[in-house]
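> What follows is a protein structure lacking sequence information:
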């Protein structure tokens with residue numbers, strides 16, 4: 001059973017950067033598509049980014065394009081979300097997720113993902 005654990009969240013000022021990590025255990029990530037989601041208070045969970053098992057396909061929500069970068073290190077069974085130029089509206093609990101088919105859907109929706117981490121809080125405030 002694949003298990004995912006996020007780390008790297010925290011408090012950062014607007015314009016700052018954070019890198020989130022998601023460490024997997026219980027299975028090798030090589031064949032899984034992976035993604036990041038976030039949920040702000042009072043809002044639904046939304047897809048932020050995903051990357052295919054090969055790393056050849058990535059997608060981003062319009063709100064983070066050009067600021068966030070998803071990557072994966074299969075050798076370390078870990079994947080990352082580099083977040084730059086952070087804005088107060090990026091404040092949310094961020095979740096990592098994995099899906100068995102190895103894909104990265106253009107529309108990054110929860111229904112495609114099978115395994116979830118517990119979440120890490122990211123707060124952007126001065």
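Nice, I can see it. Here the structure is a predicted model, which means the values were calculated and not measured.
> what about the most centrally placed residue in the chain, helix or strand, and which?
What sits nearest the mean C-alpha location of the chain, by CA atoms, centre = their mean, is residue 36, with 2.1 Å. According to DSSP states H and E, residue 36 maps onto strand 33-39.
> follow-up on the earlier one: now do the residue nearest to the centre of the chain against residue 51, distance only.
According to CB to CB, to the nearest Å, residue 36 and residue 51 sit 9 Å apart. In short, each C-beta sits where N, CA and C put it, glycine included.
> try residue 105
The value you get for residue 105 to residue 51, if CB to CB is used, is 11 Å.
> the more surrounded of those two?
residue 51 (24 against 18; other CB atoms under 10 Å).
> which residues sit in contact with the more buried one?
33, 34, 35, 57, 58, 70, 71, 72, 79, 104 (CB atoms under 8 Å, 6 or more residues apart in numbering).
> Same list (those residues) but as TSV, adding neighbour count, distance to residue 64 and pLDDT.
Shown next, in TSV, are the contacts of residue 51 (neighbours: other CB atoms under 10 Å; distance: CB to CB, whole Å; pLDDT from 0 to 100):
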residue	neighbour count	distance to residue 64	pLDDT
33	24	18	96
34	29	16	96
35	30	12	97
57	15	17	94
58	15	12	96
70	23	10	98
71	15	14	96
72	23	17	95
79	25	16	95
104	23	15	94
